[in-house]
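# I would like the atomic coordinates for the input below:
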Amino acid sequence: MPNPKRRHSASRRGKRRSHDHLKAPGTSVCTHCLEPKLPHRACPHCGFYKGRQVIEVPET
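Numbering: from 1, shown residues only. Prediction:
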């Protein structure tokens, strides 16, 4: 098996790794409480989904 003759520079390594970063998940705004939430899921803050309450959220 062939081996590299010279080491790769830090800039070349950085160019290869430039797309390996984490991306923030896409969020939408709840129409009831205006808090950010994941799309196509019930709001964890108020429990509403598509204009109706689908889960009970305990008051804190």
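# pretty sure residue 46 sits against residue 58.
No: at 11.7 Å, residue 46 and residue 58 do not qualify as touching, with contact defined as C-beta atoms under 8 Å. C-beta here means a position set from N, CA and C on the backbone, and glycine is covered the same way.
# ok, those two, which is more surrounded?
Using other C-beta atoms under 10 Å as the criterion, residue 46 and residue 58 rank with residue 46 on top: 17 against 5.
# quick check: which element contains that one?
Using DSSP states H and E, residue 46 maps to neither a helix nor a strand.
# which residues touch it?
30, 32-33, 35, 53, 57 (C-beta atoms under 8 Å, 6 or more residues apart in numbering).
# ok, of those, which one's closest to residue 7?
residue 35 (49.4 Å; C-beta to C-beta).
# gap between the closest one and residue 41?
12 Å (C-beta to C-beta, to the nearest Å).
# same check, this time on residue 57
Taking C-beta to C-beta, one finds residue 57 at 13 Å from residue 41.
# how about residue 1?
Distance of residue 1 to residue 41, computed by C-beta to C-beta: 48 Å.
# more neighbours, these two?
residue 41 (10 against 2).
# for the residue positioned nearest the centre of the chain, which non-adjacent residue is closest in space?
Among the residues of the chain, the one closest to the centroid is residue 25, at 1.9 Å (C-alpha atoms, centre = their mean). Distances taken as C-beta to C-beta, 6 or more residues apart in numbering place residue 38 nearest to residue 25, at 6.6 Å, with adjacent residues excluded.
# my guess is that neighbour contacts residue 29, does it?
No: look at residue 38 against residue 29 with C-beta under 8 Å: they stay out of range, at 11.3 Å.
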